[in-house]
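Trainee: Predicted model, plus sequence, below.
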Amino acid sequence: MKVTVVGAGVVGTMHAWQAVERGHEVVQIEREAEARGASLRNFGQIWVSGRASGEELQTALRARELWEEIGGRVPALGFRANGSLTPVRGALERAVAEAAAAAPDAAARGHKLLTPAEARALNPALRGEFDAALYCERDAAVEPRTAQRALRAELLKHPKYTFLPGREVREVVGAGAVRDDHGDVHTADVVVLATGAWLGGLVRELAGPDLPVRRVRLQMMQTDPLGEALPTSVADADSFRYYPAYAGGALAALDAAQPQPETAAAHRMQLLMVQRADGGLTIGDTHEYEHPFAFDTVEDPYEHLTGVVESLLGRPLPRIRRRWAGVYAQCTDPSRVVHRQQVRDRVWLVTGPGGRGMTCSPAIAERTANELGW
């Protein structure tokens, strides 16, 4: 079978990986020299902890298995089963963590409620004051800025894989056939359009104006090396407000009695933090949904996140060396893990995993391959 994959972000690359693993001939086309979208601008977290029970959680757990398997074969991914800690303060935040640790699927996620001493045994860098911490053993991480290159280097070892960068697919010219902006036609048994947040142009033409996917903008930053290990990923209790796993009476009580600070609420903020291979910290994030997005980044969210991190670490942050914004595509129906749609004969669009793209992409691609009979 011949497979054409359009897009070289993590979702597209995992579709190429699945096809090559199953013995198919694959051409992967990317309009940039390398992917530059959300796949490189995220935390690199394989984030199981906050996923909704049911399909979303099962997809994340399967993806976590696949990431570990692939990471064993491709060490340059930087895969590490680091887990995560969410420190909490006060009775209201603790109640949400307790409910998560007592949920029927807590064991599948690896959720446990830890004392401060137990949390610091896992992550001694957390020297700030907190009352307890929710631990998720199944969370993991990879290096987002290099993961796609590492996967591609492995794919290029296969004689049936071809990577064509610097080409934009402009039109579908027949069943399983697309033409790029070099005038070349690529014909395959199936085409997968994994175009990420690129929802205009050809995607709009094929899927129509009512595509149930929206674009979301975020802001993040990265520090100089911390100078010590941060063994787990770290979130704050505001993250409970943005992940469906924590919905329930305890979260409703938290929202009612303890609203977010003004800056955090205005930018729909949570803290997520992971240490990079060079020792620096990737820290974010914000959520912006209204178009047109700002072209610049603003300082208030960064100042808020700095304060939250320093209160948990009990020390000043290292110098901020990078700030950036990114845009990802998210299904407007939050219960859907991804939007998968046949848009022409033998042509499929796969987009909209939202903040779940890095986490779930291996399982999303596996399901595409299974459903299409690769």
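Mentor: Great, that's in hand.
Trainee: wait, is Trp67 part of a strand?
Mentor: No: read with DSSP: H, G, I helix; E, B strand; the rest coil, Trp67 is helix and lies in no strand.
Trainee: Was I right to think it contacts Ala140?
Mentor: Yes: judged on Cβ atoms under 8 Å, Trp67 makes contact with Ala140 at a distance of 6.3 Å. Heads up, the C-betas are built off the backbone N, CA and C, glycines and all.
Trainee: For those two, list the residues in contact with both.
Mentor: Listed as contacting both Trp67 and Ala140 by Cβ atoms under 8 Å, 6 or more residues apart in numbering are Ile46, Phe79.
Trainee: Glu290: neighbour count?
Mentor: The number of residues packed near Glu290 is 8, by other Cβ atoms under 10 Å.
Trainee: From Trp198, how far off is it?
Mentor: Distance from Glu290 to Trp198, counting by Cβ to Cβ, to the nearest Å: 19 Å.
Trainee: Kindly report the same for Gly357.
Mentor: For Gly357, the distance to Trp198 - Cβ to Cβ - is 13 Å.
Trainee: do Thr162 as well
Mentor: 21 Å.
Trainee: residue contacts, Thr162?
Mentor: Shown in contact with Thr162 (Cβ under 8 Å, 6+ apart): Val26, Val27, Gln28.
Trainee: Can you report phi and psi for the nearest residue to Gly110 once chain neighbours are set aside?
Mentor: Nearest non-adjacent residue to Gly110, counting by Cβ to Cβ, 6 or more residues apart in numbering: Glu137, 2.8 Å away. The phi/psi pair for Glu137 (degrees, to the nearest 10) reads phi -70, psi -30.
Trainee: How about Ala141?
Mentor: phi -150, psi 150.
Trainee: still on that earlier bit, so between Gly357 and Trp198, which is more surrounded?
Mentor: Gly357 (26 against 21).
Trainee: Which helix or strand contains that one?
Mentor: helix 357-371 (DSSP states H and E).
Trainee: list the buried ones in that helix?
Mentor: 357-369 (16 or more other Cβ atoms under 10 Å).
Trainee: do the same with stretch 289-308
Mentor: Neighbour counts using 16+ other Cβ under 10 Å place Pro301, Tyr302, His304, Leu305, Thr306, Val308 of stretch 289-308 among the buried residues.
Trainee: Pro165 contacts Ala8, correct?
Mentor: Yes: applying Cβ under 8 Å as the test, Pro165 and Ala8 come out as touching, 7.3 Å apart.
Trainee: Mutual contacts of these two, please.
Mentor: Glu30, Glu32, Glu34.
Trainee: which of those count as buried?
Mentor: Buried, going by 16+ other Cβ under 10 Å: Glu30, out of these.
Trainee: In strands, which of the shared contacts of Pro165 and Ala8 fall?
Mentor: Members of these lying in strands (criterion: DSSP state E): Glu30.
Trainee: got TSV for the shared contacts of Pro165 and Ala8, with pLDDT and distance to Arg215 too?
Mentor: Putting those into TSV (pLDDT from 0 to 100; distance: Cβ to Cβ, whole Å) gives the following:
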residue	pLDDT	distance to Arg215
Glu30	97	19
Glu32	92	18
Glu34	84	21
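Trainee: need the shared contacts of Pro165 and Ala8 in CSV with distance to Ala117, can you?
Mentor: Output for these, formatted as CSV (distance: Cβ to Cβ, whole Å):
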residue, distance to Ala117
Glu30, 48
Glu32, 48
Glu34, 44
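Trainee: quick check, nearest of the shared contacts of Pro165 and Ala8 to Gln341?
Mentor: Distance to Gln341, by Cβ to Cβ, is smallest for Glu30 among the shared contacts of Pro165 and Ala8, at 21.1 Å.
Trainee: what about the nearest residue to that closest one once chain neighbours are set aside, neighbour count?
Mentor: Nearest residue to Glu30 in three dimensions, chain neighbours excluded: Ala8, at 3.6 Å (Cβ to Cβ, 6+ apart). Number of residues near Ala8 (other Cβ under 10 Å) recorded here: 29.
Trainee: host element of Ala8?
Mentor: Secondary structure from DSSP H and E places Ala8 outside every helix and strand.
Trainee: thinking again about what came up before, from the contacts of Thr162, which ones fall inside strands?
Mentor: Per DSSP E, the subset of the contacts of Thr162 in strands is Val26, Val27, Gln28.
Trainee: how about the helices in this protein?
Mentor: Assigned by DSSP state H, the helices in the chain fall at 10-21, 55-73, 90-102, 106-109, 116-122, 144-155, 201-207, 249-257, 262-266, 299-313, 357-371.
Trainee: Go through the ones you listed and name the closest to Leu272.
Mentor: helix 299-313 (9.5 Å).
Trainee: Show me what the closest one is packed against.
Mentor: If you count contacts as 3 or more Cβ pairs under 8 Å, 6 or more residues apart in numbering; DSSP states H and E, helix 299-313 packs onto strand 213-223, helix 262-266, strand 281-284, strand 320-331.
Trainee: remind me which residues of this structure are low pLDDT?
Mentor: For the chain, no stretch is flagged by pLDDT under 70.
Trainee: since we're on the closest residue in space to Pro259 that isn't next to it in sequence, how many residues are nearby?
Mentor: Once flanking residues are discounted, Pro259 sits nearest to Ala265: 6.5 Å by Cβ to Cβ, 6+ apart. Neighbour count for Ala265, taken as other Cβ under 10 Å: 12.
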